[in-house]
Structure formats: structure tokens, C-alpha cells
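Engineer: Structure of the sequence below:
(one chain, ligands or ions: 1)
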Amino acid sequence: MSGSLNPTALMRLLGEWNRGAAPAYRELADVVRLLILDGRVPLEMALPSERALAATLGVSRTTVTAAYASLREQGFLSSRQGSRGRTGIPRHLPAGANGPGGTTDLTNPETLTGAPGLAAPPGLIDLAYASLPASGEVVHRAFAAALTELPALLPGFGYDAVGIPPLREAIAAQYSAAGVPTNADQILVTAGAQHALNIVLRTLAGRQDKVLVDHPTYPHALDAIRASGCRPVAVALPQGHGWDIAGMESAMMQQRPKMAYVVPDFHNPTGRLMSDPERRRLVQAAAAAGTVLVVDETLRQLNLDAVVTSPLAAFSPAVVTIGSLSKSHWAGLRTGWIRAGRSLIQRFAAARTTMDLGGPVVEQLVAAHLVRSLSEPLPARLAALRENRAALLELLDRILPDWQPERPDGGLSVWCRLPAPMSTALTVIGPDLGIRLAAGPRFGVGGAFEHYLRVPFTLPPAQLETAVLALSAAQARLDAAPQLRRTLRHPPAVAIA
Ligand SMILES: Cc1ncc(COP(=O)(O)O)c(C=O)c1O
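Structural biologist: Predicted structure coming up:
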């Protein structure tokens with residue numbers, strides 16, 4: 001890929017780069033370097049001229065000149081006479097880290113982010129995804145049943161911006177059974193939870209609006225928030241367990257975010273479950289601040305320890321809930337939904353038609369079958385996940401004793417504190433050792449979480465063992481070449497309200 005990056009686009013990607021923790025040129029160079037490693041700035045991109053970037057960032061030209069010089073020195077910026085420097089990867093990175101024939105394509109954002117889209121190349125163990133294969137038999141059976149029902153719908157136009165009635169009714173019935181009385185007209189069917197979040201953002205939040213998020217949080221939620229021009233307000237999860245509800249209360253009162261996006265049910269990446277008292281306080285805080293609470297329940301079914309909590313919507317009719325079949329059944333279904341008050345659902349439907357005009361009918365018929373017997377595939381799925389979780393925690397304890405994994409209440413991943421800030425470095429050299437990872441900073445804003453790595457337990461124990469041994473080999477390689485770790489380091493994390 002080649003092209004050029006304009007100063008405003010780079011400024012947006014840089015975020016809050018200037019924290020005053022080091023000389024400004026170094027902070028600027030550090031963040032640009034991470035953006036290149038992270039794939040957010042592709043290779044072979046011409047960076048803005050020094051003058052233009054200095055003017056856009058409101059810093060002196062000397063700062064930008066020194067930052068570019070440092071990037072050139074480290075091999076992240078080419079220095080062609082008479083033309084703007086283009087982004088690149090230094091030669092001293094591990095063999096195959098980039099370029100033709102290499103295993104790690106750093107021009108591809110998926111490499112470092114674990115973004116859905118491409119599977120890992122054959123032979124690589126994929127720890128960038130936290131997702132499971134389909135509950136095959138159950139899904140297949142639902143497709144067979146859906147095909148027999150299809151002829152009855154063929155005389156219609158096939159467009160339906162809110163979703164077909166049987167599916168909306170099935171989803172509403174599940175909420176009612178879970179203690180949240182719901183009518184079908186409170187449900188909008190979407191192409192998954194990510195689509196749902198985009199619809200909610202487009203409807204409820206405008207450019208420059210603040211959106212409160214857990215920190216860390218699901219990377220593609222952060223992407224959607226940024227892409228809609230909103231500003232994430234990150235409230236750190238406390239060390240160990242639970243949510244900092246007092247911190248969320250004060251962030252809401254002081255910053256008055258338009259929306260709060262939270263994942264209280266087996267939070268991605270930590271796997272935490274929010275307690276009922278925390279839920280109650282959070283709902284009250286949002287109401288007091290006039291903030292719309294948007295709850296992502298994508299992982300709610302993955303309740304490994306069978307702890308009973310109430311859905312957040314049980315505490316207030318103002319809560320907007322996002323759900324999905326991606327983790328309970330299969331991401332390939334691309335089916336999710338939004339539950340909200342009737343009039344909001346109408347506004348969401350209007351916003352949705354700017355993106356698409358409805359979901360595919362067969363998939364919705366399938367989803368209706370799956371939702372009606374939502375729990376059917378879960379016992380086998382949860383039993384396998386429990387076994388994998390135990391295996392991964394044991395392997396980490398035995399093979400990487402200086403890592404500090406947090407035991408997840410549920411979900412699909414373990415969030416590990418690393419002995420050193422080396423998440424990006426591990427991610428970059430991972431493919432050479434047979435593993436694909438998602439770097440910790442993808443789960444945060446402003447460069448946080450270089451000290452953390454998310455390790456999914458979606459693979460069976462034997463593969464997890466191979467993966468943990470590969471992580472250990474990657475760590476040993478970094479220990480033997482500390483300069484590599486320094487070069488591939490994101491700026492230190494800062495505390496964010
Ligand atoms: C918290 C969370 N929200 C949303 C998604 C995306 O879900 P979907 O496949 O339904 O778009 C994921 C997938 O990993 C997730 O973990």
C-alpha cells in the first residue's frame with residue numbers, strides 16, 4: 001500500500017499523544033511508531049510535511065523535525081531526498097516480521113489487532129480472536145428448518161428494517177423470561193453487535209460527543225466510537241476485580257458523556273462479571289448525569305461459574321441493550337439485536353436505513369429457531385470452555401510464572417499482566433514463533449496496556465500448551481534482546497479518569 005496521510009488524519013490517530021512525560025518530540029515519535037507497528041498507519045505512507053504537521057498539532061516545527069529524525073534513525077521512516085518520508089519497518093526486526101515471504105504482514109492491521117476479517121495464515125495458532133467455531137449441529141438443524149419456512153415469506157418484498165416478526169418475538173420472549181418484560185416492538189434485529197453499536201452511536205451521539213467506556217474494553221467498540229467522531233472517556237477497571245463505580249459516577253457528573261458503553265457480562269478482555277449492587281449504582285449514576293447507558297451483552301451466555309445476575313435493563317427502562325448470537329452460537333450468523341424503548345427503536349430503525357435496509361431473511365429465520373432454544377448448545381460449550389480456562393490458567397502458572405493472569409468469571413479470555421511492557425513486541429515477533437496475538441494497547445486509549453496481553457481460551461488444552469510455550473519462547477527472545485523490546489514499545493500508560 002502507498003499513499004499519503006494528511007495532518008488532520010494523523011492528528012486524529014495520534015489522540016492524546018502529548019502527555020508531558022517526556023520531551024514532546026520523543027512522545028510524538030513513540031506514538032507514530034506504535035501506529036505504524038499497530039497497522040493503523042500503513043507501510044509506505046507518506047507522512048505530512050513537518051510544517052503542516054507542526055501547524056496542525058500546534059507544536060513547534062523543531063518538535064516535528066526531531067520526531068521525524070528519531071523515526072528515521074530507528075528505521076520507521078524512509079529518508080528519500082526531495083520527497084516526504086514514507087513509513088517503514090526497521091531491518092533489525094525479527095526475520096520475516098515484514099516483507100515478501102515473511103509470516104507477519106505488518107501492513108495488515110489484522111496482524112496486530114485481531115480484527116475480524118482474516119483468519120491467521122495456516123500453521124499459526126490464532127490467539128488474536130476470542131471466538132468459537134459454530135455449535136455446528138444446532139446451527140445446521142436451524143438452517144434446515146428455516147429453509148422449510150422460507151416459501152411462506154417469498155411473496156413479500158423481503159425488506160424489513162426492524163427484523164422479521166418471529167425473530168423479534170423470540171428475542172423479546174427471552175428478555176421477558178430473564179425478568180425484563182419486553183415486547184417485540186422493543187427489538188431491532190441487526191447484523192451483529194458491532195452493527196448494533198454503530199446504529200446506536202449514529203443515532204445518539206454526534207461528533208465531539210463524549211462516550212464513557214470501561215478501560216480496557218472491546219477494541220472494535222473503541223474503533224466505532226472514534227470513527228463516529230466521538231471522544232472516548234476511559235474509566236479504568238480496578239486491579240483484580242469489579243468496576244470502579246465511584247470513578248464512573250464522577251466521570252459522568254464531571255464530563256457529562258452522551259453515552260456510556262459498558263460490557264458488564266463477562267467483559268472483553270477481562271472476563272469480569274458486574275455484581276447486582278454495582279449494576280444498580282451504575283444505572284442511577286447514568287440517570288443522574290443524563291447519560292444513555294448502552295450495555296453490550298454479547299458474552300452474557302458464557303457464564304462459566306453459573307453466577308446469577310440481573311440484566312442491566314432490569315434496573316431501568318432507559319438502558320439500551322445490545323445482544324448477539326456470535327458467542328453463544330456462531331459469529332458467521334452475523335445476527336444481533338438492540339433492545340430499547342419503542343420510540344428509540346424507531347429512531348434506530350431510521351438511522352439503520354442509512355447503512356442497510358434490513359437483514360437477510362433466511363438468517364433471521366435461523367436465528368429465530370436458535371433464540372427460541374437459546375440454551376440448547378450451551379452446556380457442551382460451557383463445559384469445554386471451563387476445561388480450557390482451567391488448562392490455560394495452569395499452563396500460565398507453570399510456564400510463565402512471572403505473568404499475572406486474572407481469573408475470568410466467564411467469557412473467552414484471560415487478561416494477563418506481563419512482567420514488562422512488552423505486549424506490542426510479543427505481538428510483532430509472535431508469528432515467527434507460530435502464534436498470532438492482539439497487542440494490549442488495542443484494548444485501550446492513549447497507549448495504555450503495553451503491560452497486558454489478552455489470551456483467549458477458545459482452543460483445546462493441547463493447542464493452548466503449544467501457544468503458551470510459544471509465548472514463553474517469545475518472551476525469552478525479548479529477554480535476550482532488550483533493545484527490541486524498547487524499540488517496539490508503546491508510550492507508558494497514563495491514568496485516565
Ligand atoms: C464485547 C463484544 N461486543 C461485540 C462483539 C462483536 O460481536 P458481533 O460478532 O455480534 O458483531 C464482540 C466480539 O468479540 C465482543 O466481544
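
Engineer: Tally up the residues packed near L412, please.
Structural biologist: The local packing of L412 (other C-beta atoms under 10 Å) involves 24 other residues. In short, each C-beta sits where N, CA and C put it, glycine included.

Engineer: Now for it: which residues touch it?
Structural biologist: Listed by C-beta atoms under 8 Å, 6 or more residues apart in numbering, the contact partners of L412 are 130-132, 266, 268, 271, 299, 302, 327, 385, 456-458.

Engineer: mind checking how far it is from the ligand?
Structural biologist: The gap separating L412 from the ligand is 8 Å, by C-beta to the nearest ligand atom, to the nearest Å.

Engineer: now that residue, nearest residue through space, not along the chain?
Structural biologist: A130 (4.1 Å; C-beta to C-beta, 6 or more residues apart in numbering).

Engineer: Up against the ligand, what does the stretch 51-200 of the chain have?
Structural biologist: The stretch 51-200 of the chain has residues 130, 192-194 near the ligand, with proximity defined as C-beta under 6 Å from any ligand atom.

Engineer: out of those residues, which is most surrounded?
Structural biologist: Highest neighbour count within those: A193, with 27 neighbours (other C-beta under 10 Å).

Engineer: quick one, strands of the stretch 351-497 of the chain?
Structural biologist: 404-405, 413-417, 435-436, 452-456 (DSSP state E, counting those that start in this stretch).

Engineer: can you redo the ones you listed as TSV with mean pLDDT and distance to H215?
Structural biologist: Written out in TSV, the entries for those read as follows (pLDDT from 0 to 100; distance: least, C-beta to C-beta, whole Å):
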stretch	mean pLDDT	distance to H215
strand 404-405	98	18
strand 413-417	98	12
strand 435-436	92	24
strand 452-456	97	11
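
Engineer: circling back to that earlier point, go through the contacts of L412 and name the one nearest the ligand.
Structural biologist: The ligand lies nearest to N268 out of the contacts of L412, by C-beta to the nearest ligand atom, at 3.9 Å.

Engineer: sorry, back to before: next, the contact list for the residue nearest to L412, please.
Structural biologist: When contacts are counted by C-beta under 8 Å, 6+ apart, A130 touches 114, 268-269, 411-413, 454, 456, 458.

Engineer: one more time with 6 Å, if that's ok
Structural biologist: The contact partners of A130, taken as C-beta atoms under 6 Å, 6 or more residues apart in numbering, are 412-413, 456.

Engineer: Where does it fall, secondary structure wise?
Structural biologist: For A130, there is no helix or strand it lies in under DSSP states H and E.

Engineer: pLDDT score assigned to it?
Structural biologist: In the predicted model, A130 carries a pLDDT score of 93.

Engineer: how close does it get to T270?
Structural biologist: According to C-beta to C-beta, to the nearest Å, A130 stands 11 Å off from T270.

Engineer: now swap in P360 and tell me
Structural biologist: Taking C-beta to C-beta as the measure, P360 and T270 are separated by 34 Å.

Engineer: what comes into contact with the biggest helix by length in the chain?
Structural biologist: The single longest helix within the chain, with elements called by DSSP state H, is helix 378-399. Contacts of helix 378-399 from elsewhere in the structure, counted by C-beta under 6 Å, 6+ apart, are 304, 403, 405, 414, 457, 461, 464-465, 468, 472.

Engineer: can we see that at 7 Å?
Structural biologist: 132, 135, 301-302, 304, 328, 403, 405, 407-408, 414, 416, 455, 457-461, 464-465, 468-469, 472 (C-beta atoms under 7 Å, 6 or more residues apart in numbering).

Engineer: again with stretch 472-481
Structural biologist: Contact with stretch 472-481 is made by 399-400, 422, 425-426, 429-430, 433, 484-485, as judged by C-beta under 7 Å, 6+ apart.

Engineer: mind listing the strands in the stretch 101-250 of the chain by residue range?
Structural biologist: Ranges of strands in the stretch 101-250 of the chain, per DSSP E, counting those that start in this stretch, are 125-126, 187-190, 210-215, 231-236.

Engineer: Now mean pLDDT and distance to R51 too, for those strands, in JSON lines please.
Structural biologist: Conversion of the strands of the stretch 101-250 of the chain to JSON lines gives the following (pLDDT from 0 to 100; distance: least, C-beta to C-beta, whole Å):
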{"stretch": "strand 125-126", "mean pLDDT": "92", "distance to R51": "43"}
{"stretch": "strand 187-190", "mean pLDDT": "98", "distance to R51": "45"}
{"stretch": "strand 210-215", "mean pLDDT": "97", "distance to R51": "32"}
{"stretch": "strand 231-236", "mean pLDDT": "95", "distance to R51": "27"}
